[in-house]
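>>> Structure here, sequence nowhere to be found:
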């Protein structure tokens with residue numbers, strides 16, 4: 001919860017208990033409590049914004065007025081049944097207080113941990129069209145492949161300006177979460193009030209002549225800002241991160257002119273959507289997206305019309321990381337594009353045209369996996385497998401191919417980290433949305449994020465900045481993870 005919300009809520013609950021707890025409350029004190037409640041409500045509304053889970057708390061502002069009115073009418077009947085009234089009212093107060101406090105906790109305006117590095121964060125978005133590629137998923141002939149791209153970059157610490165929104169059209173995203181991931185829209189009703197640490201259109205810090213560049217590729221059904229928890233920490237340590245929204249494969253794409261491109265399943269659902277023949281082919285589009293974006297970044301480094309990035313992008317030290325299908329794309333880019341120097345795959349099955357050879361990727365590579373993902377069908381019930389539209393034998397055969405593709409991951413001295421008590425989406429922002437999601441999945445989102453962030457920064461600091469590597473000292477079994485090195 002936000003600071004003013006807490007202050008307002010606690011004040012009103014205490015006031016409620018005080019007002020109900022006894023008789024003969026001085027009218028001046030009751031009036032004073034009401035005035036304070038109104039002032040807190042107004043300040044909270046202006047500075048933080050009103051939201052539906054706080055409605056029971058907002059109604060508490062009326063309680064002092066109700067008490068004052070009630071004092072004017074001393075009912076004989078009410079006095080006669082005073083004890084019953086007090087007991088009943090007390091129980092009602094307890095229930096109401098629980099609801100008042102519980103709703104904002106279950107449906108919070110989530111926040112991101114404060115970046116730990118010496119830099120502030122700036123961000124800018126671009127609408128880039130690849131004129132060399134036709135868009136295959138539209139009904140209009142001649143459409144070209146169009147991508148929304150968000151770039152985050154270091155600024156002077158505590159730079160002032162307009163804070164960037166978490167997503168650029170919260171209502172559209174809330175609907176997409178419901179339509180694509182079948183998650184209740186109610187969970188995402190406060191997206192518009194989520195604050196990032198990034199400042200829109202801020203000036204790039206000149207503390208360093210150049211900053212290493214890292215591409216980010218989201219998961220299937222994901223979006224470019226889905227790993228803000230991770231991106232912000234990287235920027236604060238002196239990196240420029242380029243997030244790609246893979247149109248029609250993302251949760252949703254929103255363009256500057258208001259056009260919206262929804263997720264396109266191409267008629268594939270459940271187990272059919274996971275087939276290697278389909279996913280390997282789809283991944284070719286994502287690899288081309290990443291290569292095109294990298295081409296655009298090179299142009300931006302040479303001739304940025306706004307002058308922000310001219311000469312400040314270290315194109316000799318380019319990394320890439322991705323979640324799920326974006327992680328698979330990262331592996332393909334490591335093997336296919338010489339510009340990418342090091343990469344991380346977060347819980348992504350190794351879809352794509354190329355297989356990792358027996359001797360390994362040939363570049364610095366870190367695989368991160370959720371323990372439940374690696375466990376495969378052993379942690380899946382028959383009902384879960386049936387819901388995917390397949391049988392256990394078919395699922396087990398599928399995972400044989402998954403494990404075969406994983407086999408050379410650590411070859412050549414590379415790393416594989418397996419996080420304990422995590423799920424596939426532990427590597428994204430999603431579980432921050434509500435503790436309901438965490439409880440239902442049995443995960444601790446911020447604990448997983450801390451491990452991911454520490455490992456990500458250590459990995460890229462070594463391979464893109466030449467700093468000492470801590471990973472080697474962490475090889476082995478730990479309480480929260482295990483780490484293997486080839």
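Ah, there it is. Given the structure is predicted, the values throughout are model-derived calculations rather than measurements. Residues are numbered from 1 along each chain as shown.
>>> where exactly do the strands run in the stretch 1-150 of the chain?
120-134, 144-155 (DSSP state E, counting those that start in this stretch).
>>> center of the protein - which residue?
Residue closest to the mean C-alpha point of the chain, counted by C-alpha atoms, centre = their mean, is residue 429 at 2.2 Å.
>>> For residue 287, see how far away that residue is.
Computed as C-beta to C-beta, to the nearest Å, the residue 429 to residue 287 distance reads 24 Å. The C-beta positions use only the backbone N, C-alpha and C, and glycine is treated the same way.
>>> One more: residue 216?
When distance is defined by C-beta to C-beta, residue 216 is 14 Å away from residue 287.
>>> Show the backbone phi and psi for residue 216.
phi -130, psi 130 (degrees, to the nearest 10).
>>> ok, it - contacts?
Shown in contact with residue 216 (C-beta atoms under 8 Å, 6 or more residues apart in numbering): 224, 227, 231, 241, 242, 243, 244, 320, 321, 322, 326.
>>> for this structure, where's the lowest mean pLDDT among helices and strands?
helix 76-80 (a mean of 46; mean pLDDT, DSSP states H and E).
>>> And the helices in the stretch 301-450 of the chain?
325-336, 371-375, 382-387, 392-406, 435-441, 445-465 (DSSP state H, counting those that start in this stretch).
>>> Turn the ones you listed into TSV, columns for mean pLDDT.
Formatted as TSV, the helices of the stretch 301-450 of the chain follow (pLDDT from 0 to 100):
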stretch	mean pLDDT
helix 325-336	98
helix 371-375	96
helix 382-387	92
helix 392-406	96
helix 435-441	95
helix 445-465	98
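>>> Can you tell me which of those helices is packed in deepest?
helix 325-336 (a mean of 26; mean count of other C-beta atoms under 10 Å).
>>> Contacts for that helix, please.
Residues outside helix 325-336 that contact it (C-beta under 8 Å, 6+ apart) are 215-220, 222, 246, 249, 279, 282-283, 286-287, 289-291, 320-322, 340, 342-354, 356, 361-363, 365.
>>> just stretch 130-137 next, same as before
142-147, 247-248, 264, 266, 285, 288-289, 292.
>>> how far away is the closest residue to residue 54 other than its chain neighbours from residue 452?
If you skip the residues right next to it in sequence, residue 54 has residue 104 as its closest partner in space, 5.8 Å away by C-beta to C-beta, 6 or more residues apart in numbering. Distance from residue 104 to residue 452, counting by C-beta to C-beta: 27 Å.
>>> same question, residue 310
32 Å.
>>> go on, residue 148?
Taking C-beta to C-beta, one finds residue 148 at 24 Å from residue 452.
>>> again, but for residue 385
Distance from residue 385 to residue 452, by C-beta to C-beta: 28 Å.
>>> Equivalent analysis for residue 419, please.
Distance from residue 419 to residue 452, by C-beta to C-beta: 8 Å.
>>> ok, now which ones touch the residue nearest to residue 54?
Residue 104 is in contact with 1, 5, 9, 53, 54, 57, counting by C-beta under 8 Å, 6+ apart.
>>> If we use 10 Å, what do you get?
Applying C-beta atoms under 10 Å, 6 or more residues apart in numbering to residue 104 gives the contacts 1-2, 5-6, 9, 51-57, 190.
>>> Around residue 247, count how many other residues there are.
Here the number of neighbours of residue 247 (other C-beta atoms under 10 Å) works out to 22.
>>> Give the helix, strand or coil label for it.
With DSSP: H, G, I helix; E, B strand; the rest coil as the basis, residue 247 sits in coil.
>>> Wait, it touches residue 293, no?
No. Using C-beta atoms under 10 Å, residue 247 is not in contact with residue 293; the gap is 12.0 Å.
>>> Tell me the residues that contact both of the two, please.
Contact criterion C-beta under 10 Å, 6+ apart; residues shared by residue 247 and residue 293: residue 147.
>>> So which of the contacts of residue 104 are in helices?
5, 6, 9, 55, 56, 57 (DSSP state H).
>>> Which among those residues count as buried?
Neighbour counting by 16 or more other C-beta atoms under 10 Å classes 5, 9, 56, 57 among these as buried.
>>> of those, closest to residue 159?
residue 5 (26.2 Å; C-beta to C-beta).
>>> who's in contact with that closest one?
40, 44, 48, 49, 51, 53, 54, 57, 104, 108, 109.
>>> Neighbours of the fourth one, how many?
When you say that, I think you mean residue 49. Neighbours around residue 49, by other C-beta under 10 Å: 14.
>>> so it touches residue 192, yeah?
Yes. With contact defined as C-beta under 10 Å, residue 49 counts as touching residue 192 (7.7 Å).
>>> what touches both of the two?
With C-beta under 10 Å, 6+ apart, residue 49 and residue 192 have common neighbours residue 109.
>>> Residue 215 is in what secondary structure piece?
strand 211-217 (DSSP states H and E).
>>> Residue 94 and residue 17 touch, don't they?
Yes. Counting by C-beta under 10 Å, residue 17 is a contact partner of residue 94 at 9.1 Å.
>>> Could you measure from the residue nearest to the centre of the chain over to residue 241?
Residue 429 is 14 Å from residue 241, where distance means C-beta to C-beta.
>>> Nothing else from me, thank you.
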